[in-house]
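Student: can't give you the sequence, but here's the structure:
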Ligand code: AMP
């Protein structure tokens, strides 16, 4: 698309665009506009820097009519306080020539001031899920007027453990609403989330173009299981001259910790790990050390690897084979940048062969297969996930006697399965007036 004139937008928005100096819509903006205008649910796969904030705000602002009503009509959910501030600031720029009220809601600051801001009336709320939920249950924010919900950086939110809060909030929203989400990566968690809350969404994906495949030499080893992958990894990483700066991808936090422990045993300080359960300080230190090349090996999950300095990574090693081929493209795009040669290595099991084929189909090329080195030990040890599962019929174990993890899971399942009635429970819990009857009910519950 050559110009914003090709989009049907108001004069006020045009003026703002001119002020901002934007010449033409970015690809995600051009593709999202008509979908969002139509009111359909949308899933956008795009990273920060692609102009995604404006991609959803432009059509939403175009559709937003002036109103004096107190309760908000648009809700934008983001993972961090910094993003709340940034998105609020952007919206204020886009809506410079419109009369639009925007309020940012985030934790770690005075809740009463945020309550007051909301009470004065707002059109758009930009919030982190935790604080927003606090304001909802204290009835400072009403959700019944919400027409459009944007959930930005869903992959990061789910990785940070916001799923429960997101679910609670979405369950309280009116059924007739438009859901829009953006995620940089497609993960199993994100996929499940879409499945649970979105209705026939249109997916707008910015092709992973620009990944300089020519500069990346891609190799694959067929490996028996996880512990054998770890053995092969140790073998490869011992070649320090060649493996100068290595980014090792794992599918989740658990694997990250497990692999880190194994590698640390051999390589000590040369290896670091990042995932969302590590503290911010720890993550920053790991990244800093990796960028400064004081650590040679960094173990990371997909979500956390964003924001890393991409220069001079000699190898990207995929310990698992991503189910979504685009994730593989993102991973290997971390090496082979700017005229430098990089190597990507994929370790795949028999089970992962299909996912590997999907990746090859997407790229239109076959990854070079390397023979498994004879000197590397093939482990017989299996991770919990790899062990064959025995389904016991008539399990004699008394559920009450099983440890806390089992209880937790049961609770969670019960909530998920209840669907509509869960929403009722929440409503009952937070909206019931405090009458005598209510107190008696609570007392009865306690007495049980
Ligand atoms: P985002 O992906 O939303 O974080 O946006 C990245 C940056 O691109 C922001 O600083 C925007 O102001 C800027 N931007 C958004 N849309 C355009 C556009 N059409 N042309 C030029 N810059 C843009």
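Tutor: It's in. None of these values were measured; they are calculated from a predicted model.
Student: Would you report the backbone torsion angles of residue 246?
Tutor: Dihedral pair for residue 246: phi -120, psi 130, per degrees, to the nearest 10.
Student: Let me know the distance separating it from residue 300.
Tutor: As for residue 246, its distance to residue 300 is 11 Å (criterion: CB to CB, to the nearest Å). Just so you know, the C-beta spots here come from the backbone N, C-alpha and C atoms, and that holds for glycine as well.
Student: how is this protein carved up into domains?
Tutor: With automatic domain parsing as the criterion, the domains of the chain are listed as 4-205, 216-369.
Student: Can you say which of those domains is nearest to residue 381?
Tutor: Comparing the domains of the chain against residue 381 with CB to CB, the closest turns out to be domain 216-369 (4.5 Å).
Student: Now the terminal residues of that closest one, how far apart.
Tutor: Distance between the boundary residues of domain 216-369 (CA to CA, to the nearest Å) amounts to 15 Å.
Student: That domain and the ligand in contact?
Tutor: No. Under the criterion of CB under 6 Å from any ligand atom, the ligand is not reached by domain 216-369; the shortest gap measures 12.4 Å.
Student: Tell me how far that domain lies from the chain's centre.
Tutor: With CA atoms, centre = their mean, to the nearest Å as the basis, the distance from the averaged C-alpha position of domain 216-369 to the chain average is 19 Å.
Student: returning to that earlier point: turn the domains of the chain into CSV, columns for mean pLDDT and mean neighbour count.
Tutor: Formatted as CSV, the entries for the domains of the chain read as follows, by pLDDT from 0 to 100; neighbours: other CB atoms under 10 Å:
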stretch, mean pLDDT, mean neighbour count
domain 4-205, 93, 18
domain 216-369, 89, 18
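Student: So which of the ones you listed is nearest residue 386?
Tutor: Comparing these against residue 386 with CB to CB, the closest turns out to be domain 216-369 (5.5 Å).
Student: Let me see the ranges of the helices in the stretch 1-150 of the chain.
Tutor: Assignment of helices within the stretch 1-150 of the chain using DSSP state H, counting those that start in this stretch yields the ranges 11-20, 27-38, 52-63, 81-94, 111-119, 129-137.
Student: can you put those in CSV and add distance to the ligand?
Tutor: What follows is the helices of the stretch 1-150 of the chain, written out as CSV (distance: least, CB to the nearest ligand atom, whole Å):
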stretch, distance to the ligand
helix 11-20, 6
helix 27-38, 6
helix 52-63, 3
helix 81-94, 6
helix 111-119, 24
helix 129-137, 20
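Student: ok so, going back, need the domains of the chain in a markdown table with distance to residue 382, can you?
Tutor: Below are these laid out as a markdown table (distance: least, CB to CB, whole Å):
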| stretch | distance to residue 382 |
| --- | --- |
| domain 4-205 | 21 |
| domain 216-369 | 6 |
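Student: Would you mind putting the helices of the stretch 1-150 of the chain into CSV with distance to residue 216 alongside?
Tutor: Written out in CSV, the entries for the helices of the stretch 1-150 of the chain read as follows (distance: least, CB to CB, whole Å):
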stretch, distance to residue 216
helix 11-20, 35
helix 27-38, 23
helix 52-63, 26
helix 81-94, 31
helix 111-119, 47
helix 129-137, 37
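Student: Figure out which of these is closest to residue 279.
Tutor: Counting by CB to CB, residue 279 lies closest to helix 81-94 out of the helices of the stretch 1-150 of the chain; the figure is 16.2 Å.
Student: So what angle separates the directions of the closest one and helix 52-63?
Tutor: Relative orientation of helix 81-94 versus helix 52-63 (axes from the mean of the first three to the mean of the last three CA atoms, to 10 degrees): 50 degrees.
Student: can you offset everything so residue one is 42?
Tutor: Sounds good: first residue 42 from here, last item helix 122-135.
Student: Can you name every helix or strand that helix 122-135 contacts?
Tutor: For helix 122-135, the helices and strands in contact under the criterion 3 or more CB pairs under 8 Å, 6 or more residues apart in numbering; DSSP states H and E are helix 52-61, helix 93-104, strand 143-146, strand 165-168.
Student: Try it again at 10 Å.
Tutor: Where contact means 3 or more CB pairs under 10 Å, 6 or more residues apart in numbering; DSSP states H and E, helix 122-135 is packed against helix 52-61, helix 93-104, strand 115-118, strand 143-146, strand 165-168, helix 170-178.
Student: got any residues that touch both of residue 287 and residue 341?
Tutor: Residues touching both residue 287 and residue 341 by CB atoms under 10 Å, 6 or more residues apart in numbering: residue 331.
Student: now the helices and strands packed on helix 122-135 in CSV, with distance to residue 274?
Tutor: Supplementary listing: those in CSV, determined by distance: least, CB to CB, whole Å:
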stretch, distance to residue 274
helix 52-61, 47
helix 93-104, 35
strand 115-118, 38
strand 143-146, 44
strand 165-168, 41
helix 170-178, 36
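Student: Which residue is the nearest non-sequential neighbour of residue 173?
Tutor: Sequence neighbours aside, residue 146 is the residue nearest to residue 173 in space, at 5.3 Å (criterion: CB to CB, 6 or more residues apart in numbering).
Student: go on, residue 301?
Tutor: Ranked by CB to CB, 6+ apart and with sequence neighbours excluded, the top spatial neighbour of residue 301 is residue 314, at 3.9 Å.
Student: Doesn't the one you found belong to a strand?
Tutor: Yes. In this structure, residue 314 lies within a strand as judged by DSSP: H, G, I helix; E, B strand; the rest coil.
Student: Could you double-check that it sits in contact with residue 323?
Tutor: Yes. In this structure, residue 314 sits in contact with residue 323. The criterion is CB atoms under 10 Å, and the distance is 8.8 Å.
Student: all strands for the stretch 142-291 of the chain, in order.
Tutor: 143-146, 165-168, 189-192, 219-224, 243-246, 257-263, 287-290 (DSSP state E, counting those that start in this stretch).
Student: okay, those strands in JSON lines with distance to residue 236 next?
Tutor: Output for these, formatted as JSON lines (distance: least, CB to CB, whole Å):
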{"stretch": "strand 143-146", "distance to residue 236": "27"}
{"stretch": "strand 165-168", "distance to residue 236": "24"}
{"stretch": "strand 189-192", "distance to residue 236": "14"}
{"stretch": "strand 219-224", "distance to residue 236": "12"}
{"stretch": "strand 243-246", "distance to residue 236": "13"}
{"stretch": "strand 257-263", "distance to residue 236": "30"}
{"stretch": "strand 287-290", "distance to residue 236": "25"}
